[in-house]
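all I have is the shape, not the residue letters:
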(Lines give C-alpha, C1' and ligand atoms only; values in the text may rest on other atoms or scores of the structure.)
Protein backbone atom coordinates (compact mmCIF):
# COMPACT_ATOMS: atom_id res chain seq x y z
CA UNK A 1 0.00 0.00 0.00
CA UNK A 2 1.30 3.46 -0.95
CA UNK A 3 0.02 6.86 0.05
CA UNK A 4 0.56 9.71 -2.41
CA UNK A 5 0.14 13.34 -1.32
CA UNK A 6 -0.42 16.22 -3.73
CA UNK A 7 0.30 19.77 -2.49
CA UNK A 8 -0.62 23.02 -4.19
CA UNK A 9 1.33 26.28 -4.05
CA UNK A 10 -1.51 28.36 -2.62
CA UNK A 11 -1.52 30.29 0.66
CA UNK A 12 -2.45 28.51 2.75
CA UNK A 13 -1.17 25.37 1.02
CA UNK A 14 -3.75 22.65 0.48
CA UNK A 15 -3.08 18.95 0.11
CA UNK A 16 -4.90 15.72 -0.49
CA UNK A 17 -3.86 12.09 -0.12
CA UNK A 18 -4.73 9.04 -2.16
CA UNK A 19 -4.05 5.42 -1.24
CA UNK A 20 -2.75 3.04 -3.91
CA UNK A 21 -2.89 -0.70 -3.42
CA UNK A 22 -0.04 -2.52 -5.19
CA UNK A 23 -0.35 -6.15 -6.26
CA UNK A 24 2.93 -7.98 -6.79
CA UNK A 25 2.70 -10.63 -9.49
CA UNK A 26 4.97 -13.52 -10.32
CA UNK A 27 8.08 -12.49 -12.22
CA UNK A 28 9.08 -13.84 -15.60
CA UNK A 29 12.28 -15.29 -14.20
CA UNK A 30 12.49 -18.72 -15.84
CA UNK A 31 13.57 -19.23 -19.48
CA UNK A 32 11.90 -21.82 -21.74
CA UNK A 33 13.48 -25.27 -21.50
CA UNK A 34 13.86 -27.79 -24.33
CA UNK A 35 13.96 -31.43 -23.12
CA UNK A 36 16.63 -32.20 -25.73
CA UNK A 37 19.60 -30.01 -26.62
CA UNK A 38 19.59 -31.03 -30.29
CA UNK A 39 16.97 -32.21 -32.80
CA UNK A 40 17.79 -33.93 -36.08
CA UNK A 41 15.66 -34.75 -39.12
CA UNK A 42 16.58 -38.37 -39.77
CA UNK A 43 15.83 -40.25 -42.99
CA UNK A 44 14.52 -37.22 -44.89
CA UNK A 45 14.42 -38.22 -48.55
CA UNK A 46 14.99 -35.80 -51.43
CA UNK A 47 11.56 -36.65 -52.85
CA UNK A 48 9.83 -36.14 -49.48
CA UNK A 49 6.39 -34.56 -49.87
CA UNK A 50 6.18 -30.83 -49.22
CA UNK A 51 4.68 -30.25 -45.79
CA UNK A 52 6.00 -33.51 -44.34
CA UNK A 53 6.97 -33.30 -40.70
CA UNK A 54 10.70 -33.31 -40.12
CA UNK A 55 10.80 -32.93 -36.33
CA UNK A 56 8.63 -31.88 -33.41
CA UNK A 57 10.15 -29.78 -30.66
CA UNK A 58 8.53 -28.85 -27.39
CA UNK A 59 9.60 -26.35 -24.77
CA UNK A 60 8.21 -25.73 -21.30
CA UNK A 61 8.50 -22.78 -18.98
CA UNK A 62 8.31 -23.01 -15.19
CA UNK A 63 6.67 -19.57 -14.89
CA UNK A 64 2.92 -19.39 -14.28
CA UNK A 65 0.21 -17.84 -16.43
CA UNK A 66 1.17 -15.66 -19.39
CA UNK A 67 4.83 -15.72 -18.34
CA UNK A 68 4.81 -19.50 -18.83
CA UNK A 69 3.49 -19.38 -22.41
CA UNK A 70 6.03 -20.56 -24.97
CA UNK A 71 6.25 -19.30 -28.56
CA UNK A 72 8.56 -20.92 -31.13
CA UNK A 73 10.00 -19.27 -34.22
CA UNK A 74 12.67 -20.04 -36.80
CA UNK A 75 15.69 -17.79 -36.51
CA UNK A 76 16.61 -15.84 -39.66
CA UNK A 77 18.74 -17.79 -42.13
CA UNK A 78 16.97 -21.16 -41.83
CA UNK A 79 16.13 -22.06 -45.43
CA UNK A 80 13.74 -24.73 -46.70
CA UNK A 81 11.70 -25.10 -43.52
CA UNK A 82 8.53 -23.77 -42.02
CA UNK A 83 7.32 -23.97 -38.45
CA UNK A 84 3.82 -24.88 -37.35
CA UNK A 85 3.52 -23.72 -33.76
CA UNK A 86 0.99 -24.67 -31.08
CA UNK A 87 0.92 -23.49 -27.45
CA UNK A 88 2.92 -26.54 -26.32
CA UNK A 89 5.00 -27.70 -29.30
CA UNK A 90 6.23 -26.81 -32.77
CA UNK A 91 6.49 -29.00 -35.86
CA UNK A 92 9.31 -28.38 -38.30
CA UNK A 93 8.11 -29.07 -41.85
CA UNK A 94 9.91 -29.39 -45.18
CA UNK A 95 8.95 -26.75 -47.79
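All right, it came through fine. Remember, it's a predicted structure, so these values are computed and weren't measured experimentally.

got the phi and psi for residue 68?
Per-residue torsions, residue 68: phi -90, psi 0 (degrees, to the nearest 10).

so what's it up against?
By CB atoms under 8 Å, 6 or more residues apart in numbering, residue 68 lies in contact with 30, 61, 62. The way it works is simple: take the backbone N, C-alpha and C, and place the C-beta from them, glycine included.

what stretches of the chain score poorly on pLDDT?
Applying pLDDT under 70 to the chain flags residues 24-25, 40-46, 73-95.

hey, where'd the strands end up in it?
Using DSSP state E, the strands of the chain run over residues 2-7, 15-20, 53-57, 81-85, 90-94.

tell me which strands and helices the second one is in contact with?
Think strand 15-20. Here strand 15-20 is seen to pack against strand 2-7 when contacts are counted using 3 or more CB pairs under 8 Å, 6 or more residues apart in numbering; DSSP states H and E.

can you list the strands that the strand it packs on pairs with?
If you go by DSSP bridges, strand 2-7 pairs up with strand 15-20 (antiparallel).

need the residues that contact the strand it pairs with.
For strand 15-20, using CB under 8 Å, 6+ apart, the contacting residues are 1, 2, 3, 4, 5, 6, 7, 8.

TSV please, covering the residues you listed and showing distance to residue 17.
Shown next, in TSV, are these (distance: CB to CB, whole Å):
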residue	distance to residue 17
1	12
2	10
3	5
4	7
5	5
6	8
7	10
8	13
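
identify the farthest-apart pair in these.
1 and 8 (24.2 Å; CB to CB).

so these two - more neighbours on which side?
residue 8 (10 against 6; other CB atoms under 10 Å).

list the residues that contact that one.
14, 15.

any idea how far it is from residue 18?
15 Å (CB to CB, to the nearest Å).

equivalent analysis for residue 70, please.
Separation of residue 70 from residue 18 (CB to CB): 39 Å.
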